[in-house]
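> Sequence and predicted structure, then a few things I'm wondering about:
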Amino acid sequence: MNQKIKLCIAAVIIITIVVVLVITLRKKEDTTKPPSLTGIVTNTTTSGPTGTGTTTGGPADIVFASDVIPSIKSGDWKLVLPVDINGNDSTKATTLTQRNIFPLSIRGNALIDKEMKPYFYVEANEVVLRAPCGGATSAGTNYPRCELRQLVNKGDNFWSTNKLQTLETELRITETPVAKPDMSIVQIHSQGEPQVLAVLYRKSIGIYLLFNETEYTKTTPIAYTIGDRLNIRVVVDKGVVNCTIKNINKNTTFNKTFVTTESTGAFQIGAYVLSSMFLNGESPSAAGEVRIKYLDIKETL
């Protein structure tokens, strides 16, 4: 074999070795790269009325409701949504009795780092709760809600109205139903379901209270324009309830103190529309929306 052939063979061998090394190094580099976070979501199984379902979180830079409301991270709330575990509302029903009565609930720590757009998410550092009038409802009501319910002692319990309980929040109503623009935004429900207190909105009245199930403050309402910020503080102690509401935009304040007829209670807050696609000629897409900037509760067992 002459010298030229030997050199050619050697060159081919060297080139082959270099190519193999490059391919090997590239494969190794690909396997050591961290996965991209783009499009990755966290799936968490949560309990619902009829079984289990899936909700989604997301990349680390998303702000969640649990970042805005610290008591969510403490496991102090249950979220009731206007859809069931499969994302179905009541729009396929043709009558009220056919409505979907299995709303999805997400409880305690399962609510940490979660969003359920378009019903429950954060925008501009406010927690958005939205309830369409064609949504699923609880069995005991005709109306849909997207609402946080207090988990007393981390469960479906009730505190005593004879011990100190407080709620303070800053929120605003940003949308109401059209045909019947009525909403409930803050409540205290007792163990037997009677309403100790409800902070209500009606377009023709403004903000007013329902207390002890049948009494109202309609004659002394707070003037309200959609979008106005409200500071609401509720204090319960020794069987007495005090509710102070300030319209921050209009610089007006309302205060009501009353003796409750109930011995137990738990707080609820969110968008509870008092209108329905089946009862008020309401469009199923018409909705109530509340945005919470701040929420703090303290319970005494």
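Ah, there it is.

> Okay, now the unreliable bits of this protein?
The chain contains residues with pLDDT under 70 at 1-60.

> Please repeat the previous calculation with a cut-off of 50.
18-57 (pLDDT under 50).

> Show me it divided up by domain.
Structural domains annotated on the chain: 1-33, 43-298, as defined by automatic domain parsing.

> Render the CA-only coordinates of stretch 210-223 in CSV, please.
Extracted in CSV, the C-alpha atoms of stretch 210-223 (Å, rounded to 0.1, in the frame of the first residue of the first chain):
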residue,chain,number,x,y,z
LEU,A,210,-79.7,41.6,55.6
PHE,A,211,-79.4,40.5,59.2
ASN,A,212,-81.0,37.9,61.4
GLU,A,213,-82.5,36.3,58.3
THR,A,214,-85.4,38.7,57.8
GLU,A,215,-84.3,42.3,58.8
TYR,A,216,-82.9,44.8,56.3
THR,A,217,-81.2,48.2,56.2
LYS,A,218,-82.7,49.2,52.9
THR,A,219,-83.8,52.6,54.2
THR,A,220,-80.2,53.5,55.1
PRO,A,221,-78.1,52.2,52.2
ILE,A,222,-74.6,53.1,51.1
ALA,A,223,-74.5,54.8,47.7
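
> Numbering from 356 from now on, please.
Let's use 356 as the start, then, which means that last one is stretch 565-578.

> quick one: the spatially closest residue to residue 480 that is not a sequence neighbour and residue 493, what's the gap?
Once flanking residues are discounted, residue 480 sits nearest to residue 423: 6.2 Å by C-beta to C-beta, 6 or more residues apart in numbering. For every residue, glycine as well, the C-beta is placed using N, CA and C. For residue 423, the distance to residue 493 equals 25 Å [C-beta to C-beta, to the nearest Å].

> same check, this time on residue 524
Taking C-beta to C-beta, one finds residue 524 at 22 Å from residue 493.

> mind checking how far the residue nearest to residue 480 is from residue 647?
Counting by C-beta to C-beta, the gap from residue 423 to residue 647 is 7 Å.

> can you map out the helices along the chain?
358-387, 420-423, 425-428 (DSSP state H).

> Next up, the contacts around the nearest residue to residue 455 once chain neighbours are set aside.
Once flanking residues are discounted, residue 455 sits nearest to residue 491: 3.9 Å by C-beta to C-beta, 6+ apart. Contact partners of residue 491, counting by C-beta atoms under 8 Å, 6 or more residues apart in numbering, are 436-439, 443-445, 454-459, 499.
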